[in-house]
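# just need the structure, nothing else, for what follows:
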Amino acid sequence: MKKIAPKDIDKNVIKLIGQDWMLVTAGDQEKFNMMTASWGSMGYLWNKPVVMVFVRPQRYTFEFTEKKDEFTLSFFDEKYRHALNVCGSVSGRDVNKVQESGLTPYFTEAGNPAFEEATLVLECKKLYTDFLKEEAFLDKKIVDSQYGQKDFHKVYVAEIVHAWVKE
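Numbering: from 1, shown residues only. Sure, this is the predicted structure:
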């Protein structure tokens, strides 16, 4: 992987996140978990390159994103869609997602897990977190269609501290 400045990420982030999906991964070399996500954003806030990632509290990955100050986002070519489907459909509480997905983990210099097969890896440091609140939704149809169980996501605003692309 080649290290690049976050400003040099030259991907269509709407497609990258919304259609191609990403793995949100948190933990350390002893224990980590990853989940597939297709909701999020990437941009510039507080004079920093940032991502916003949304994780529901019942997800196993939530335990790891809560404990750690950093996490990674890994993006893949279409040929890894099956691995992303696995990571989005089973819980790390029940199965070994690394084994089931066939992905190869590695750890950044800071000790954060990422995957060799990724075409883009972002290492992110949390700056702000909060739960989405029902009363803050202006379009109540979103609550009805996305949060029938009132299991609102926690949003993580995180600085992109390192970025790598596959050479």
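# from here on, just use CA atoms for contacts and neighbour counts.
Noted.
# name the SS class of the residue most central in space within the chain, please.
When Cα atoms, centre = their mean is applied to the chain, the residue found nearest the centroid is Val24 (2.5 Å). Three-state assignment for Val24 (DSSP: H, G, I helix; E, B strand; the rest coil): strand.
# from here on, call the first residue 45.
Happy to do that; since the first residue is 45 now, the last one works out to Val68.
# how about the closest residue to it other than its chain neighbours, what does it touch?
Nearest residue to Val68, sequence neighbours excluded (Cα to Cα, 6 or more residues apart in numbering): Leu117, at 4.9 Å. Contacts for Leu117 (Cα atoms under 8 Å, 6 or more residues apart in numbering) come out as Met66, Leu67, Val68, Thr69, Ala158, Val165, Leu166, Glu167, Cys168.
# wait, a strand at Leu117?
Yes: Leu117 forms part of a strand when assessed by three-state DSSP.
# next one: it from Lys198, what distance?
As defined by Cα to Cα, to the nearest Å, Leu117 lies at a distance of 16 Å from Lys198.
# Gly132 now?
From Gly132 to Lys198 the distance is 17 Å (Cα to Cα).
# ditto for Gly136
Relative to Lys198, and taking Cα to Cα, Gly136 is found at 19 Å.
# check Glu122 too.
From Glu122 to Lys198 the distance is 28 Å (Cα to Cα).
# more crowded one of the two?
Taking neighbours as other Cα atoms under 10 Å, Glu122 and Lys198 compare with Lys198 leading, 18 against 11.
# list the residues that contact that one.
Going by Cα under 8 Å, 6+ apart, the list of residues near Lys198 reads Phe98, Val99, Arg100, Pro101, Thr173, Asp174, Phe175, Leu176.
# so what's it bridging to?
Val99, Phe175 (DSSP bridges).
# got the confidence number for it?
Lys198 carries a pLDDT value of 98.
# residues in contact with Thr163?
Ser118, Phe119, Phe120, Asp121, Val209, Lys210.
# out of the residues you listed, the closest to Ser145 would be?
Phe120 (12.7 Å; Cα to Cα).
# helix or strand for the nearest residue to that closest one once chain neighbours are set aside, just tell me which one.
The shortest distance from Phe120 to any non-neighbouring residue, by Cα to Cα, 6+ apart, is to Ala162 (4.7 Å). Take DSSP states H and E as the rule and Ala162 turns out to sit in neither a helix nor a strand.
# no further queries at this time; thank you.
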